[in-house]
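In: mind looking at a prediction? Sequence and model below.
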Amino acid sequence: MEFGLSEEQTLLADSINRFLDEASSLDRVRQFVTAPETDVWSGLVELGVPGILVSEANGGLSMTALDAVIVAEALGSHTAPAPFLGSAVMAPVALQAAAKNPGDLLAALVAGEHRVGIAVGEAFAARVDAGITASSGRLSGKALFVLDYGADSYLVADGNANLYLVAADAKGLESRPLTTIDRTRRTGELVLKGVAAERVSDDPAVLRKALDYGRVILAADTLGAAQNMLDQAVAYANEREQFNRPIGSFQAVKHMCAEMAAHLEPCRALIWYAAHALDELPDEATLYASHTKAHLAEVGKFVAKTATEVHGGMGFTDLLGLHYWFKRIGFNRQMLGTPELLRDDAARVQGLVA
Amino acid sequence: MDLSYGPEYEAFREEVRSFIETNRDRAPRPRTGLRAPETLAWQKLLIENGYAARTIPEEYGGYGAEPDILKSRIIAEEFARANVSSGLGGQGISMLVPTLLEMGTEEQKREFIRPTLHGEMIWCQGYSEPGAGSDLASLRTSAVLDGDEWVVNGSKIWTSTAHLADWIFCLVRTEPEAPKHQGISFLLFRMDTPGIEVRPLVDMTGVANFNETFFTDVRVPKHQIVGARGQGWMVANSILGNERDSLGNPDATLSRLNGLVELMKQETVNGHRAIDDPVLRDRLMQIQGRVMALRCNDLRVLSARLNQADARLARMVVKLQGTELRHELEGLAIDVMGEIGLAYQDNPYLRDQGSWQHQYMFFLGLIIGGGTSQIQKNIISERGLGMPKEPKYEKGQFAKAAG
Ligand SMILES: Cc1cc2nc3c(=O)[nH]c(=O)nc-3n(C[C@H](O)[C@H](O)[C@H](O)COP(=O)(O)OP(=O)(O)OC[C@H]3O[C@@H](n4cnc5c(N)ncnc54)[C@H](O)[C@@H]3O)c2cc1C
């Protein structure tokens, strides 16, 4: 029995973190905000990241969900701008679950030659006038807050949980970027008017599986970001002096840090288990994915606020840049299901909703 | 990542299960007295079969198995699942026995461990004093050597089960001149020794389970000390770790959670089941998510012990998070019941024998006892996160606030 990371997984975490320390330093993150192209993704492609969840038969590495979680945690920790969620997780998971690989798309994903954005939010929580309908193979409607915007194609869900691939340059597709608080992620809007689309799946289980993976990955991103904020808060509290003593010796400050750690530390094991369930425990996968994302949303929100407070006025500045983590955590909370929606989902899969 | 225990262990699990199935009728019902014949007989049966006192050497009255964390875990899991008593607990078995095994003399091990394990010798823990709670090391109960005897004077408070106990393990000050942590000794003595007076303290649940304990010239044979004179703080600390591990146990919380789900399916208001109320259901799900996190954390701690991995911080947060969560869980059950959540004792509308009301209050006691939540946060921040200690203050530096 071993519940934890293997030696290879620890090495994987080390190598991704080492790469991101440089490639996604805070200075680089700031640049991305004004010029949204960096070499972060190409570096990750070189490290094999998009192949993690792709089977060897499809040209990937056949690694586990836990390996993907390790990468997500590192990305969150560095607030790294990279289209990992769509191109390395949700698209490969959906395509393989549906046994579809049009034009050897999986190989192109692994090679980093193609990016897939994710437009599935309307399938479970359509806002305003958004929503996608399909009629004789053509899609119409609007998708909001598309993940990994600026992609080569989009994985789109209609209101019946069917999945389609739509090329970014398809006729009848209009798109525009949407600005959000989190400038380390690209999001946008798609407006479809009778757009020709490639059907990926008409089995709701495929969308379900892609969502389960996506949710665990966002939770892991929050874990990484929140851990980083906590570490920064502890370091700052030990350094900064007021009233002739380090503020970290004031119990009010110390206890804020202890509470952050007490809430965050068990999240690590929860995410490991949720990842393990995605691969090995199909009966528990959805329950854990929903709960894990909801729980990390709550803990992440608490840490984001508290760690900022520990920094005093500095925490509120752009100069320090703590807000990048704060906003990253906020983004992860709202995307792919808010906590209330996810907990309702968890109750449903347990048969607790009449 | 490998969550299977392996075939050897699955076979062991089967053994445990069939033992429980065959013998469950002999197990004492909940709330059977500590000295009742069925309690003692069940304890004896469990020890003979290696389901209690498993790794304690036979010569001291245990079963004598090689330590095997997974087997111990399987036993705990199966008894919890079957909802059958896993034998006696209490401060003697969970705290004193491990300490004696580590620090006791051969004679002490032979004299005390067997009867303690078999429930024939009940202990209480005499640590806290009116002036020494969180700051336990400031305790003042004194013991002065007079010939071959210690003479103990002073008083303890919050002494759980002192009114039932045969013996006490007690922290006393033996070197009044030494720095406060170095002047303490760990004594064992009989509760019927002349000069001991026990006065019950009724707790908020309405039960007198803890006490004030007064010592006036209580004479204790010199050899009834564990560890060297002045080493009592170290001896006591090796036990506090054990105590904290057992508070806030997530398996017990899970079975309460399952009970809460059942309760929410039964309770109705205006004809609607509580589980169908979206607000209450959301609160239930929030708690479920937190229970899951703590159970996974527990698995991580277990695995770290098996594989010598580091999970220090994960272990350090268990008491704080486990007791706070449990208190909230019990509190949700009370909200679910509305006015019925107020019912107590002989009220005919009581649900589940009033266990929700009782546990809601009882867990507030566990949040305070065994190192309060605030003390846990001090430990987590100082030892877990490496933050600075509180500055020390001289006595009298603070003037009392004007009243
Ligand atoms: C149900 C129950 C059973 C018990 N059983 C036993 C027993 O069998 N034997 C035994 O010896 N004792 C027992 N205790 C006593 C228990 O260990 C103490 O109550 C506990 O250690 C707290 O001490 P205190 O009550 O003196 O509170 P205090 O130490 O006076 O604390 C009061 C408040 O001040 C806070 N505080 C104190 N110091 C600090 C600090 N440094 N930083 C921040 N906050 C601080 C505390 O967190 C608390 O909120 C029991 C207690 C309970 C509730």
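Out: Perfect, thanks for sending it.

In: residues near B:T205, how many?
Out: Neighbour count for B:T205, taken as other Cβ atoms under 10 Å in any protein chain shown: 17. Backbone N, C-alpha and C define where each C-beta goes, glycine included.

In: make sure A:S87 is actually in contact with A:R115.
Out: Yes: between A:S87 and A:R115 there is a contact under Cβ atoms under 8 Å: 4.8 Å.

In: quick check: neighbours shared by those two?
Out: Shared contacts of A:S87 and A:R115 (Cβ atoms under 8 Å, 6 or more residues apart in numbering or on different chains): A:109, A:148, A:151.

In: next up, phi/psi of the residue lying closest to A:V54 once chain neighbours are set aside, please.
Out: Distance criterion Cβ to Cβ, 6 or more residues apart in numbering or on different chains; nearest residue to A:V54, sequence neighbours excluded, is A:G60 at 2.4 Å. With angles defined as degrees, to the nearest 10, A:G60 sits at phi -100, psi -160.

In: now do the contacts for A:S25.
Out: Counting by Cβ under 8 Å, 6+ apart, A:S25 touches A:H78.

In: A:L223 now?
Out: A:73, A:76, A:264, A:267-268, A:271, A:296, A:300.

In: what about 6 Å?
Out: By Cβ atoms under 6 Å, 6 or more residues apart in numbering or on different chains, the contact set of A:L223 is A:73, A:267, A:271.

In: the residue nearest to A:V54 reaches A:I52, doesn't it?
Out: No: in terms of Cβ atoms under 6 Å, A:G60 does not count as a neighbour of A:I52; the distance is 7.1 Å.

In: compare the two (neighbour count), which wins?
Out: A direct count of neighbours by other Cβ under 10 Å for A:G60 and A:I52 places A:I52 higher, at 25 against 21.

In: where do the strands sit along the chain?
Out: Picking chain A for this. Taking DSSP state E as the test, the strands found in chain A are A:116-119, A:131-135, A:138-147, A:153-157, A:163-167, A:173-178, A:187-196, A:198-201, A:241-242, A:245-246.

In: look at chain B instead
Out: Ranges of strands within chain B are B:123-126, B:142-146, B:149-157, B:167-173, B:184-190, B:196-201, B:210-221, B:225-226, B:268-269, B:272-273, based on DSSP E.

In: the helices in the stretch 201-350 of chain A, which residues?
Out: A:204-239, A:251-280, A:282-310, A:322-334, A:339-349 (DSSP state H, counting those that start in this stretch).

In: again with the stretch 251-400 of chain B
Out: In the stretch 251-400 of chain B, the helices defined using DSSP H, counting those that start in this stretch lie at B:278-307, B:312-316, B:318-337, B:355-368, B:373-379.

In: residues of chain B that sit close to the ligand?
Out: Contact residues (Cβ under 6 Å from any ligand atom) of chain B with the ligand: B:125-128, B:133-134, B:158-160, B:210, B:365, B:368-370, B:372, B:374-375, B:378.

In: can you say which of those residues are buried?
Out: When neighbours are counted using 16 or more other Cβ atoms under 10 Å in any protein chain shown, the residues of chain B next to the ligand contain these buried positions: B:125-128, B:133, B:158-160, B:210, B:365, B:368-370, B:372, B:375, B:378.

In: of all those, which comes closest to A:I217?
Out: Each of those was scored against A:I217 by Cβ to Cβ, and B:N378 proved nearest at 35.5 Å.

In: let me know the pLDDT of that closest one.
Out: Listed pLDDT for B:N378 reads 97.

In: got it, and the one 5 residues further on?
Out: With respect to pLDDT, B:R383 scores 96.

In: for the contacts of A:L223, which one is nearest the ligand?
Out: Using Cβ to the nearest ligand atom, A:C267 is the member of the contacts of A:L223 that sits closest to the ligand, with 25.3 Å.

In: returning to that earlier point: of the shared contacts of A:S87 and A:R115, just the buried ones, PyMOL syntax please.
Out: Command for PyMOL that selects the buried part of those, burial taken from 16+ other Cβ under 10 Å:
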select buried, chain A and resi 109+148+151
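
In: let's have the shared contacts of A:S87 and A:R115 in CSV, adding pLDDT and distance to B:E339.
Out: What follows is the shared contacts of A:S87 and A:R115, written out as CSV (pLDDT from 0 to 100; distance: Cβ to Cβ, whole Å):
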residue, pLDDT, distance to B:E339
A:L109, 98, 59
A:D148, 97, 52
A:A151, 97, 56
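
In: quick one: which of the shared contacts of A:S87 and A:R115 is nearest the ligand?
Out: The ligand has its nearest neighbour among the shared contacts of A:S87 and A:R115 in A:D148, at 46.6 Å by Cβ to the nearest ligand atom.

In: can I assume the closest one is in contact with A:V89?
Out: No: counting by Cβ under 6 Å, A:D148 stays clear of A:V89, with 10.0 Å between them.

In: for burial, what's the neighbour tally of A:I181?
Out: 12.

In: could you list the low-pLDDT ranges of the stretch 201-350 of chain B?
Out: For the stretch 201-350 of chain B, the stretches with pLDDT under 70 are B:239-246.

In: can you pull the residues of it lying near chain A?
Out: Residues of the stretch 201-350 of chain B lying close to chain A by Cβ under 6 Å from any Cβ of the partner chain are B:275-276, B:281-282, B:285, B:289, B:292-294, B:296-297, B:299-300, B:303, B:307, B:309, B:313-314, B:317, B:320-321.

In: A:Y154 touches A:A167, doesn't it?
Out: No: between A:Y154 and A:A167 there is no contact under Cβ under 6 Å: 8.2 Å.

In: sorry, back to before: Serialize the strands of chain B to TSV and add fields for distance to A:V234.
Out: TSV is the format used below for the strands of chain B (distance: least, Cβ to Cβ, whole Å):
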stretch	distance to A:V234
strand B:123-126	34
strand B:142-146	41
strand B:149-157	36
strand B:167-173	34
strand B:184-190	33
strand B:196-201	40
strand B:210-221	37
strand B:225-226	38
strand B:268-269	46
strand B:272-273	46
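
In: closest to A:P81 out of these?
Out: Using Cβ to Cβ, those put strand B:272-273 closest to A:P81, at 47.3 Å.

In: strand partners of the closest one, parallel vs antiparallel please.
Out: Sheet pairing of strand B:272-273 (DSSP bridges) gives strand B:268-269 (antiparallel).

In: report the distance from the strand it pairs with to the chain centre.
Out: Centroid separation for strand B:268-269 versus its chain: 36 Å, with Cα atoms, centre = their mean, to the nearest Å.

In: stretch B:221-239 too?
Out: Centroid separation for stretch B:221-239 versus its chain: 20 Å, with Cα atoms, centre = their mean.

In: thinking again about what came up before, out of the shared contacts of A:S87 and A:R115, who's near chain B?
Out: Counting by Cβ under 6 Å from any Cβ, no member of the shared contacts of A:S87 and A:R115 is near chain B.

In: if anything else comes up later, I'll come back, but that's it for now.
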